[in-house]
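Student: give me coordinates for this.
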Amino acid sequence: MNQKLFIPLLICCALVLTACQSTPQASAASRVVAGSQPVSLQPGQRVRGELTSASALNYKDGSRYALYRINLQQGDAFRIELSGSLEGTLALYNDLNELLISGSPLHFQAPERGRYLLAVSGKQSNSFGPFNLLMTPLELSSNPSLVVGEAASGWLEMNGFRSHTLQISERGYYQIDLRSSDFDTLMLVTGPGGYRAEDDDGGDQTNSRIGDLLQPGEYQVRVSAFETASGLYTLEVQAFDIREGADLELRAPVQLSGWMRQQQDVYRLHIEQAGEYLIEMQSAVLDSFLLLEGANHFRVEDDDSGENLDARLLVRLEPGEYRLTARDYNGGSGGYQLIVQQR
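Tutor: Coordinates of the predicted model:
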């Protein structure tokens, strides 16, 4: 080969080879840098961000993400909310890049002091848009004792349980609610005279609820998860002013408090004057159901015509005695108000 032609050709090949090697490396480096600079996030702080096509790429599913650094002390508990037009989710990692928890909103209590990493990710490869992050400290109750009429928040560790003490000073009807958006709750209550009551899903959704006639004394309320889980929970104890052994005979107009313990409560309703009557069963804990029966095969019933899940009957009644049945549609227990009035 002609030497004058060989040297320029060698130089051209070297330049082409250099370009082929450097371009992908530079592109990859720019992608890594874009996702490796976490922004600091402090408890009580609200920050704004945005995921675009230039954000760091998750090579597994094509979604984009942004990182935030959080420094925590052992026992720090907080809630992180993600809002905005971005359809996204949150994931929290420790300094070993181990996934600790994911979801939105996110509740977490630091098991040890250290630096944690929060990832804001799009749910899909085409999930883009601005977002807001709000990190709020959680106020957990340090007192294991429960107070009637108040709510207390606590943290359930993985594979663990929490016990609270409840002091009942007066015999009466009480309702204990255990709520959590992080796990399927399970509640056990034990007390004087061998008292024992357990509930899984007696409350709303997967929350627990126990309502009963309690004697004075000290009770233990045990909180756990139906399956292996951890997270934030709230316990609330309410007392109901209900006349025990109240007469089941009613005369309109009347308003009384009841407590659903059995499958149903049955009342004898006396109507002295013909007219249109409004009969309501109101409850914050029951899915109310009313059935009214009378002479000559008279029968009318209602489930959810009132507010929320309350039952309401608006019916014309003639003088006489009627049978009024009140119950929970799903067989639950708890307090309710029964109202009968002429319109």
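Student: show me what residue 156 is bridged to.
Tutor: residue 231 (DSSP bridges).
Student: swap in residue 117?
Tutor: According to DSSP bridges, beta-bridge pairing links residue 117 with residue 69, residue 93.
Student: likewise for the one 4 residues further on?
Tutor: Residue 121 has these beta-bridge partners by DSSP bridges: residue 65, residue 89.
Student: residue 277 is in what secondary structure piece?
Tutor: Using DSSP states H and E, residue 277 sits within strand 275-282.
Student: buried ones in that strand?
Tutor: By 16 or more other C-beta atoms under 10 Å, the buried positions in strand 275-282 come out as 277-282. Placement of C-beta: from N, CA and C, glycine included.
Student: from the residues you listed, which single one is nearest residue 218?
Tutor: Nearest to residue 218 among the buried residues of strand 275-282, counting by C-beta to C-beta, is residue 282 at 32.6 Å.
Student: for the closest one, which non-adjacent residue is closest in space?
Tutor: residue 337 (4.4 Å; C-beta to C-beta, 6 or more residues apart in numbering).
Student: average pLDDT for the one helix or strand the one you found maps to?
Tutor: Assigned by DSSP H and E, residue 337 belongs to strand 334-342. Average pLDDT, strand 334-342: 91.
Student: can you name every helix or strand that that strand contacts?
Tutor: Judged by 3 or more C-beta pairs under 8 Å, 6 or more residues apart in numbering; DSSP states H and E, strand 334-342 is in contact with strand 172-179, strand 208-214, strand 254-260, strand 275-282, strand 320-328.
Student: quick check: buried residues in the helix or strand following the second one?
Tutor: Going back to what we said before, that points to strand 208-214. Next along the chain after strand 208-214, taking DSSP H and E as the criterion, comes strand 217-225. By 16+ other C-beta under 10 Å, the buried positions in strand 217-225 come out as 219, 221, 223-225.
Student: report how many residues lie close to residue 296.
Tutor: For residue 296, the count of nearby residues is 7 (other C-beta atoms under 10 Å).
Student: ok, now residue 228?
Tutor: 9.
Student: got the contact list for it?
Tutor: Residue 228 makes contacts with 158-159, as judged by C-beta atoms under 8 Å, 6 or more residues apart in numbering.
Student: state the pLDDT value of it.
Tutor: 79.
Student: so it: helix, strand or coil?
Tutor: Three-state assignment for residue 228 (DSSP: H, G, I helix; E, B strand; the rest coil): coil.
Student: good, we can wrap up now.
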